[in-house]
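K.L.:
Output the structure for:
(chains A and B)
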Number of protein chains: 2
Amino acid sequence: MKIETLRWVDNKLEMIDQRILPASFEYIAYDSAASVAEGIRSMVVRGAPAIGVAAAYGVALEALRLQDASLIDFHSGMETGFVVLERSRPTAVNLFWALQRMRAVWIVARGKSSAAVAQRLLEEAHEILAEDIRINKAMGAFGAELLPDGARVLTHCNAGALATAGWGTALGVFRSAVEVGKKIFVIADETRPFLQGARLTAWEMVQEKIPVTLITDNMAGFMMSRGEVDAVVVGTDRVASNGDVANKIGTYMVAVLARRHNIPFYVACPLSTIDMSIASGADIPIEERSVDEVKGFRDYHWAAEGVKIRNPSFDVTPAELVSGLITEKGVVLQPDNAKLRALFE
Amino acid sequence: MKIETLRWVDNKLEMIDQRILPASFEYIAYDSAASVAEGIRSMVVRGAPAIGVAAAYGVALEALRLQDASLIDFHSGMETGFVVLERSRPTAVNLFWALQRMRAVWIVARGKSSAAVAQRLLEEAHEILAEDIRINKAMGAFGAELLPDGARVLTHCNAGALATAGWGTALGVFRSAVEVGKKIFVIADETRPFLQGARLTAWEMVQEKIPVTLITDNMAGFMMSRGEVDAVVVGTDRVASNGDVANKIGTYMVAVLARRHNIPFYVACPLSTIDMSIASGADIPIEERSVDEVKGFRDYHWAAEGVKIRNPSFDVTPAELVSGLITEKGVVLQPDNAKLRALFE
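P.N.:
Modelled structure (predicted):
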């Protein structure tokens, strides 16, 4: 099954509603920057690369929506659209990367008619989507070489087709390894509170017929201590210029445990996720989401009344715990500032 | 509020149904060994010390139930009762400790009438319950000295009044610290899959008006990396003679992280939880429970169909990660076989 996380249908962006997977599989249609921003904020779409693609389409949709307005309304409306999208989620850098790229296209095209600008922005969004899949497959090919045949690989959250335009970053590595004939056994952390592992990664791997075992987040240490994990591969929302990795809350714990057990810890990471403008993970803003997510799941709440709750949505894994970054240009072992700078030269 | 996890009412054992807390607070009445064993298996009652007390009452109930039967039926019925209780859960050693103690009482009393034997067994169960509370308070007093005023203390699962006859082991330490005038801020891991932290620890601390913050299990590393945790105190289901600690799944991960961040990791542990008959944690049987628990919570399932699931209910923290065992005889820092042997001399 080919998973189209985002698709362009009838001049609208359609996105799989990832909040209701796997019980229901439905698309929601979007026709403006504000509605796409709300889709990102409420996690209809999630995963750093997918958020980037969605934001690019959000810009194009806003231009299409406003192309018949006065030039002044078009321009101010576009500015508002960029801001609304920028504010949808703070941690994933791909969002800002995609918006900067769209802004550059917009600036270059400004002399043209609004309709022509809108068309050019839509083309760019299509290109970002297509590129994302090409990049994932390139990363997959490099990453697949790291995994031995028969590897039992633990992953956290969902860095799959659903987190990208298709194929996936971490799960793309598994897909690519299977494609070249390797047997891969995936261990999926359920990933509280939003349960991306239990709902999305498990679902993707079942669709793909890749063997997958679900555990709660707190079982990863047990599995490693029993010798049942050969490698870890995760995605990331932002990598700092020194190689520090922000990813879904809990990733840091997996990395610390992997180090204790001498298990390689890999991060699948397109170049668009590397933020060379920040020195270290300390500079990455960590989103704190609604405490309702931790009270239970969806509308089913089990936490005791009156308890305070924290909900940081990401954490930072220091570069020293990262065995390698898997990028579309190759694998960067023991990442540091010099190696990351070289990637962009 | 005084929490009576188990109580003797109208010649029956009543236990709080911990499966439905905190939404509902109800007692279930038990009148036989088999029904108590089922209550333990299904986790109406849980927590190593509470399981021990429940099993002791299970033996007494069986004797009361059979006291008018023929001597041969009384004896064979009691044997069956012991076996059924022994098989209810494998990891917590307090279960076996309490059953051995009841068996010894039974053997000594055998010459007497069945009614007298039953009465003697009931007295012993009452004594085990009363002793448990005394022991918890002694542990609490020793443990409280370890915590600085204002300490932010992380705990995993529920080692509270609900896990014991009252007061609690880890949460008993917090109660005792507050009793001597210290301010304590509790951080409770939610503890998937059964959510003892979100449901039971949070509820107990709210009742007690001790400030408590709930996090998902995978946030503990984040909290430590931000300097928001001063100490960890957990309970245990069995400690091996070398100091290895079996406790609720996820405890090992917390211990590994605490070591990385130089945060003391304490285990509240009555002597009845120490199993000197086994050399190390490798000898502790780890219960694997129904995969339904990991599919979701109660009847609400969110995991993708077709995924394999693991559900180990406990893990083992090696002694080298344990800063101290808090017992009713004092604190054993950096536990090892010699120090544990000395405790029993």
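
K.L.:
ok, the closest residue to chain B within the stretch 51-200 of chain A - how many residues close by?
P.N.:
As assessed by Cβ to the nearest Cβ, chain B sits closest to A:R192 within the stretch 51-200 of chain A, at 4.0 Å. C-beta: built from backbone N, CA, C; applies to glycine. Here the count is done by other Cβ atoms under 10 Å in any protein chain shown, and A:R192 has 24 residues near it.

K.L.:
Make sure I have this right: A:R89 is in a strand.
P.N.:
No: assessed with DSSP: H, G, I helix; E, B strand; the rest coil, A:R89 is coil; it does not lie in a strand.

K.L.:
what helix or strand is the nearest residue to it once chain neighbours are set aside on?
P.N.:
The shortest distance from A:R89 to any residue other than its chain neighbours is 5.7 Å, reached at A:I40 (Cβ to Cβ, 6 or more residues apart in numbering or on different chains). Applying DSSP states H and E as the criterion places A:I40 in helix A:33-41.

K.L.:
any residues touching that helix, and which ones?
P.N.:
Taking Cβ atoms under 8 Å, 6 or more residues apart in numbering or on different chains as the criterion, the residues outside helix A:33-41 that touch it are A:13, A:15, A:28, A:30, A:45-46, A:51, A:54-55, A:57-59, A:61-62, A:80-82, A:84-85, A:87-89, A:95.

K.L.:
about what we covered before: who touches the residue of the stretch 51-200 of chain A closest to chain B in this structure?
P.N.:
When contacts are counted by Cβ under 8 Å, 6+ apart, A:R192 is found next to A:T216, A:D217, A:G250, A:V294, B:E190, B:R192, B:T216, B:D217, B:N218.

K.L.:
Identify the farthest-apart pair in those residues.
P.N.:
Of all pairs drawn from the contacts of A:R192, the greatest distance, 14.7 Å, lies between A:T216 and A:V294 (Cβ to Cβ).

K.L.:
between the two, which one's more packed in?
P.N.:
Neighbours per residue, other Cβ under 10 Å: of A:T216 and A:V294, the larger number sits with A:T216, 29 against 22.

K.L.:
tell me which residues of the helix ranked longest in chain A are tucked away?
P.N.:
Among the elements of chain A assigned as helix by DSSP state H, the one spanning the most residues is helix A:114-144. Judged by neighbour count using 16 or more other Cβ atoms under 10 Å in any protein chain shown, the buried positions of helix A:114-144 are A:114, A:117-122, A:124-125, A:128-129, A:131-133, A:135-144.

K.L.:
re earlier: reformat the contacts of A:R192 as a markdown table; add pLDDT.
P.N.:
As requested, the contacts of A:R192 are exported to a markdown table (pLDDT from 0 to 100):
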| residue | pLDDT |
| --- | --- |
| A:T216 | 98 |
| A:D217 | 98 |
| A:G250 | 98 |
| A:V294 | 98 |
| B:E190 | 98 |
| B:R192 | 98 |
| B:T216 | 98 |
| B:D217 | 98 |
| B:N218 | 98 |
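
K.L.:
Let me know the closest of these to A:F74.
P.N.:
The shortest gap between A:F74 and any of the contacts of A:R192 belongs to A:V294, at 42.0 Å (Cβ to Cβ).

K.L.:
Look at the residue in the stretch 1-150 of chain A that chain B sits nearest to and tell me its secondary structure.
P.N.:
For the stretch 1-150 of chain A, the residue positioned closest to chain B under Cβ to the nearest Cβ is A:P22, at a distance of 4.3 Å. Assigned by three-state DSSP, the conformation of A:P22 is coil.

K.L.:
measure A:L99 to A:A37 for me?
P.N.:
From A:L99 over to A:A37 the distance is 11 Å, taken as Cβ to Cβ, to the nearest Å.

K.L.:
Show me whatever sits in contact with both of the two.
P.N.:
Counting by Cβ under 8 Å, 6+ apart, the residues touching both A:L99 and A:A37 are A:L85.

K.L.:
The two: who's more crowded?
P.N.:
In this comparison of A:L99 against A:A37, neighbours counted by other Cβ under 10 Å, the higher total goes to A:A37 at 24 against 20.

K.L.:
Do you know the pLDDT at that one?
P.N.:
Looking at A:A37, its pLDDT reads 98.

K.L.:
Please name the nearest non-neighbouring residue to it.
P.N.:
Looking at A:A37 with Cβ to Cβ, 6+ apart, the closest residue is A:S88, at 4.2 Å.

K.L.:
Right, I'll call it a day here.
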